[in-house]
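Colleague: sequence first, then the predicted structure, then my questions.
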Amino acid sequence: MKLHEMSAQYEQLYQIADSIEEKVFEDTLQAIEEPLREKAINIAKLILTWDDDISTLDNEIKRLKALKKSIETRQNQTREYLLFSLNKAGIKKVNDVKYPLTIRNNTKINVYDFSRLPDRFIRYKPGEPDKIAIKKAINEKETVPGAESIDTQTIKIG
């Protein structure tokens with residue numbers, strides 16, 4: 001029998017308590033109460049088992065996040081090593097059918113002093129500079145207080 005069915009029987013018994021003999025009430029109450037208590041204990045055990053499962057999963061998530069971060073760090077370091085080595089050798093492109101490599105020059109915006117940016121360069125998404133507007137202004141030879149244009153390189157694989 002399900003817990004909610006047992007609870008309903010318990011409630012029904014109390015509703016008719018005044019119309020039945022005390023001995024019958026106590027016997028029926030005991031017959032309902034004991035399985036109800038057992039069911040409640042079993043459900044409590046299940047809940048605690050889930051606590052253990054949740055804790056195990058939280059630990060696994062932490063472990064996997066750390067592993068992911070480690071792999072991303074190695075990937076970025078290796079990418080920088082490849083970029084450095086190709087630049088040192090003066091190679092800007094490697095033609096390969098499966099893994100073509102091309103060094104591209106990029107320009108990104110570095111906001112070094114957010115507080116100095118004019119309002120027209122602030123997005124009204126809480127606290128984010130509008131780098132697209134800043135880049136456009138800098139490309140048009142406008143001085144943008146608090147921001148500068150920085151030339152960088154990335155490597156495209158594939």
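Modeller: That came through, no problem. Residues are numbered from 1 along each chain as shown.
Colleague: how far away is T78 from I155?
Modeller: If you measure T78 against I155 using CB to CB, to the nearest Å, the figure is 10 Å. Every C-beta, even on glycine, is put in place using the N, C-alpha and C of the backbone.
Colleague: these two: who's more crowded?
Modeller: When T78 and I155 are compared for neighbours, I155 comes out ahead with 15 against 10, by other CB atoms under 10 Å.
Colleague: that's a helix at that one, yeah?
Modeller: No: the assignment for I155 is strand, going by DSSP: H, G, I helix; E, B strand; the rest coil, so no helix is present there.
Colleague: what bridges to it?
Modeller: Per DSSP bridges, the residues bridged to I155 are I103.
Colleague: what mean pLDDT does stretch 100-109 have?
Modeller: Model confidence over stretch 100-109 averages 93 on the pLDDT scale.
Colleague: can you name the residues in contact with it?
Modeller: The set of residues that contact stretch 100-109 without belonging to it, under CB atoms under 8 Å, 6 or more residues apart in numbering, is 82-83, 86-87, 91-94, 129, 131, 134-135, 138, 147-158.
Colleague: are any of the residues you listed buried, and which?
Modeller: In terms of neighbour count (16 or more other CB atoms under 10 Å), the buried residues within the contacts of stretch 100-109 are L86, P129, I134, K135, I138, A147.
Colleague: element containing the fifth one, please.
Modeller: I138 belongs to helix 131-139 when assigned by DSSP states H and E.
Colleague: helices or strands up against that helix?
Modeller: Other helices and strands packing on helix 131-139, by 3 or more CB pairs under 8 Å, 6 or more residues apart in numbering; DSSP states H and E, are strand 101-111, strand 147-157.
Colleague: ok, which of the ones you listed comes nearest R74?
Modeller: Comparing those by their distance to R74 (CB to CB), the top pick is strand 147-157, with 15.0 Å.
Colleague: what comes into contact with the closest one?
Modeller: By CB under 8 Å, 6+ apart, the surrounding residues in contact with strand 147-157 are 79, 82-83, 86-87, 99-113, 117, 121, 129, 134-135, 138-139.
Colleague: now with 10 Å?
Modeller: Applying CB atoms under 10 Å, 6 or more residues apart in numbering, the contact partners of strand 147-157 are 79-80, 82-84, 86-87, 92, 94, 96, 99-114, 116-118, 121, 129, 131, 134-135, 137-139.
Colleague: ok, K69 to K62 distance?
Modeller: Using CB to CB, we find K69 at a distance of 11 Å from K62.
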